[in-house]
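> what would the 3D arrangement of this be:
(chains A and B)
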Amino acid sequence: MLIKHQDKIGSAETIRKNFESLGYICSESIATAVFLACQLQKPILVEGPPGVGKTELAKKTAQYLSSPLIRMQCYEGLDEAKALYEWKYGKQLLYTQLLKDQLGDVMRGAKGLDESVERLHQFGDIFYSEEFLETRPLLQALREEDGAILLIDEIDKADQEFEAFLLELLSDYQVSIPEIGTIKARSRPIVILTSNNTRELGDALKRRCLHLYIPFPDPKLEQDIIASQVPEMEQALRKQVVGFVNQLRQMALKKLPAVSESIDWARALLLLNVENLDRQWIENTLNLLLKFQEDIEVVEPEINQLLQKMRQSKS
Amino acid sequence: MQQIIGNFIQALRHHGLPVSPAETLDALRAVQLIGLQNPQRLKAALGMTLAKNLSHQQQFEDLFEQFFQLNQGLLDQTSTQALPSAPEAVTSDADQPDSPTRNSALSQPQDTPDQEAVKSPLAKLLLDDNQTALQMAIASGGESSGASEMRLFTQKAQVSYRILQQLGDRQLTQELSELATDEHQLNLVEDLKQRRQRLLEQIQDYVEQQYLLYSQKAGQQLRESNLQKIKLTNIDHSYLHQMTKLVQKTAKQLASMHSRRRRLSKRGLLDVKKTIAANAAYDGFMFHTKWKSTRVERPKVMVLCDVSGSVSRVARFLLLFLYSLQDVLPRVRSFVFASNLGEVTEEFTQLDLNNAIAQIMDQWANRPTDYGRALVDFKQLALKDIDNKTTVIMLGDARNNNSESQAGIWREVYQRSQRVLWLNPEGRYSWNSGDSIMNEYAPFCSRVEPCNSLRDLSRILGSLLKHS
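Residues are numbered from 1 along each chain as shown, chains lettered A, B, ... in the order given. The predicted structure is shown next:
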């Protein structure tokens, strides 16, 4: 897809730099993945802990390539009627009723049943034509003239059979609708699938995708990310923020703070005019980082120790 | 380049990463696009196309380092050409696998005074002090000696010896003994001997690395397939851990094979036929819409496990297996007994698997078997819940210590349920011998199977899933 943006996807380096100017600081592997996905026209399967910017990646890619982002949120029980297409049953029923009188006209003069049926056949499958087709995200992505970014979010939440159903779409960029036939992509969309790994995805699906694992960023990268998201923050404090969050990630918590949490925290600290991280401030704002009361209870008594460790690791 | 990537994928496969041909092609295309200049990016690109889950990713990264370091070793000392990056250098050299002579010829004249004194090619090579040429020679020797086909660690010595012979060690030793007679050459001899020793070490390192890259896993695969077949009652304690993993792996295979078919339902489509039929009374006005739906029929399974003495080992695995199948069989109720029978479904849902099994064994096992008593308990506990969709699996050797069989209850179970499977860990020939009363229960079973290996288990449970 997207021949007009060929220069934008010339190399992984270009992508990385341009993403940076859009405010998405990405690692080498992320840039490589986007580059390969564009060049090889393969879907990317993004895995990683929640909050490391999986969905954001799709959004930024769409913004960068200035193509529409079509998002499909997966959930248990999602089926093709909600993902691909559905017939507008209401409209079909309404039309049959409205056209009842017309039918009388059409049928007038027909001799016998055979001829009537013959005439009816001439109208073909009016009620199963594109007019009555309700497009859902997947079909919409295929019908987009200039290609699109298709984000299939949290694929692990969908059922296994839906995963199997996606295979045709992912490898050939086409879907089969029994009443109409096979619909091919007008222009191949870039597909980004995300997964939180609540269940293991099938091998067939994985084989068709580039597999990108986004881990928690290393401290250096995370500082860059915060710098771009919260530019007003002093560098010293930024370092402390990242250091402390990294210490937290070493602990056995129910939900580890991710990048999005550290950004929120950094914003909060900025609002509160904090100049130096100390126990008091951390205690007051800990609920921004940790989303479970149990976690907070585990961390609170350790704060001093964590702060100490943080200082040591920096020196 | 294809050669290198091909070898690398070979190595990955040896370590148990399932790399398909399609992925190989993807990897090649990716490498073409990315180029070889930036090792970091090369690693990302290959990782993305070849390793598709987290544990594989980890393995991939280790192997990547190992593999490209090994190949880089060939070029570390390349003084003649300054190559931009390691992987590219590997490529350029891999194209000429038989280039040691070329390389040594190319290498700059070294400070080797006695070069003319020696005649054998290996001695020249050693004195030349050209590490690249040496490494190349070892590599090409290794290739023809089958270094990448080693399967067992015992082969390592043999391969090292063959490589040494390939390099022309015989001539060298001959020459050494000739030179030793010459007083003037004693220094040279000493030097050569040292260099030969170093060469030996290099060869051993090389072989070791090759073994780690290509063959270490083969032994493990062999062991796994043997474990599949071995009698569960005979498995050594030290293998239990590995066995547990294997059970889970097999169960997962079964689960993924059957889960799709099990859930063929919930299609949100309008059922035109039913809708028209339902609205015929309203003169074609569609008041009621009917939607397509097919009922999922997941089998209800009840398992009775004899956990006494000899059977407990197998019971352990059966339970493990069933609970690894949670995804496909969400409604498993388990009962264990030796003399008394009790339901242990709760334990499985609350504790993690190993703890649960340990606790169950602790609580219920180690009592004399009494099938009659157990069946009476079972009747009270669960008989009323058995319906025509229930499969009852009994695992036991039917050795009843000569007490009452209560086959009547078993008959009732058989009549109410859809199916009754009896898995007996003993072979058929020992049924009905001694205190075994298999023949009393056998008439009331849909199937009676001897079951004493993981393979049996997976086969029987697989057919259970298929037919339900």
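> count of neighbours near residue 163?
This is for chain A. Look at residue A:163: counted by other CB atoms under 10 Å in any protein chain shown, it has 20 neighbours. C-betas here are computed from N, CA, C, even on glycine.
> wrong chain, I was asking about chain B
Using other CB under 10 Å, the number of residues around residue B:163 comes to 28.
> my read: it touches residue B:142, true?
Yes: at 5.5 Å, residue B:163 and residue B:142 qualify as touching, with contact defined as CB atoms under 8 Å.
> which residues are common contacts for the two?
Listed as contacting both residue B:163 and residue B:142 by CB atoms under 8 Å, 6 or more residues apart in numbering or on different chains are B:206, B:207.
> so which helix or strand takes in residue B:358?
Using DSSP states H and E, the element containing residue B:358 is helix B:353-364.
> same question but for residue B:42, I mixed them up
Following DSSP H and E, the helix or strand that holds residue B:42 is helix B:39-50.
> show me what the very next helix or strand once past that helix is packed against.
Sequence-wise, the next helix or strand downstream of helix B:39-50 (DSSP H and E) is helix B:54-73. If you count contacts as 3 or more CB pairs under 8 Å, 6 or more residues apart in numbering or on different chains; DSSP states H and E, helix B:54-73 packs onto strand A:210-213, helix B:2-14, helix B:39-50, helix B:86-94.
> winner for burial among those?
Of all the helices and strands packed on helix B:54-73, strand A:210-213 has the most neighbours on average by mean count of other CB atoms under 10 Å in any protein chain shown, namely a mean of 24.
> how about the CA coordinates for that one, as PDB?
Extracted in PDB, the C-alpha atoms of strand A:210-213 (Å, rounded to 0.1, in the frame of the first residue of the first chain):
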ATOM      1  CA  LEU A 210       6.300 -10.500  12.400                       C
ATOM      2  CA  HIS A 211       6.600 -10.900  16.100                       C
ATOM      3  CA  LEU A 212       7.500  -7.900  18.000                       C
ATOM      4  CA  TYR A 213       8.000  -8.000  21.800                       C
END
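> next secondary structure element downstream of that strand?
Using DSSP H and E, the helix or strand that follows strand A:210-213 in sequence is helix A:219-229.
> give me the buried positions along that following helix.
Buried residues in helix A:219-229, counting neighbours by 16 or more other CB atoms under 10 Å in any protein chain shown, are found at A:221, A:222, A:223, A:224, A:225, A:226, A:229.
> which pLDDT value belongs to the first one?
If I follow you right, that is residue A:221. pLDDT for residue A:221: 89.
> OK, contacts around it?
A:25, A:27.
> got it, and the third one?
Contacts for residue A:223 (CB under 8 Å, 6+ apart) come out as A:238, A:239, A:242.
> distance of it relative to chain B?
20 Å (CB to the nearest CB, to the nearest Å).
> distance of that residue from residue A:30?
Noted for residue A:223: a distance of 17 Å to residue A:30, by CB to CB, to the nearest Å.
> residue B:394 belongs to a strand?
Yes: counting by DSSP: H, G, I helix; E, B strand; the rest coil, residue B:394 is part of a strand.
> ok, so of the buried residues of helix A:219-229, who is nearest chain B?
Of all the buried residues of helix A:219-229, chain B sits closest to residue A:221, with 13.5 Å by CB to the nearest CB.
> list the buried residues of the helix or strand containing residue B:176.
Following DSSP H and E, the helix or strand that holds residue B:176 is helix B:169-180. By 16+ other CB under 10 Å, the buried positions in helix B:169-180 come out as B:169, B:172, B:173, B:175, B:176, B:179.
> is it true that the first one touches residue B:122?
So that's residue B:169. Yes: at 6.5 Å, residue B:169 and residue B:122 qualify as touching, with contact defined as CB under 8 Å.
> the helix holding residue B:42 near chain A at all?
Yes: using CB under 8 Å from any CB of the partner chain, helix B:39-50 reaches chain A at B:40, B:41, B:44, B:45, B:47, B:48, B:49.
> per-residue pLDDT, the first one?
Meaning residue B:40. Model confidence at residue B:40, given as pLDDT, is 85.
> got the phi and psi for residue B:271?
phi -90, psi 100 (degrees, to the nearest 10).
> my read: it touches residue B:279, true?
No: using CB under 8 Å, residue B:271 makes no contact with residue B:279, being 11.9 Å away.
> pick out the most distant pair among the buried residues of helix B:169-180.
Within those, B:169 and B:179 form the most distant pair, 15.1 Å apart (CB to CB).
> and what about residue A:257, helix, strand or coil?
Under three-state DSSP, the three-state class of residue A:257 is coil.
> tell me, how many residues neighbour it?
25.
> who are the contact partners of it?
Counting by CB under 8 Å, 6+ apart, residue A:257 touches A:51, A:245, A:248, A:249, A:265, A:289, A:290.
> tell me who's in contact with the second one.
It stands for residue A:245. Counting by CB under 8 Å, 6+ apart, residue A:245 touches A:222, A:257, A:261, A:262, A:265, A:289.
> and if you look at the fifth one?
Applying CB under 8 Å, 6+ apart to residue A:265 gives the contacts A:241, A:245, A:257, A:285, A:288, A:289.
> what helices and strands are in contact with the helix or strand containing the fifth one?
In this case it means residue A:288. In this assignment (DSSP H and E), residue A:288 forms part of helix A:279-289. Here helix A:279-289 touches helix A:235-249, helix A:259-271, helix A:293-299, helix A:303-314, going by 3+ CB pairs under 8 Å, 6+ apart.
> any idea how far it is from the chain center?
Centre-to-centre, helix A:279-289 and its host chain are 31 Å apart (CA atoms, centre = their mean, to the nearest Å).
> for it, give me every contacting residue.
A:244-245, A:248, A:257, A:261-262, A:264-265, A:268-269, A:272, A:274, A:296, A:299-300, A:303-304, A:307.
> likewise for stretch A:99-115?
Outside stretch A:99-115, the residues within contact range by CB under 8 Å, 6+ apart are A:116, A:118, A:119, A:120, A:123.
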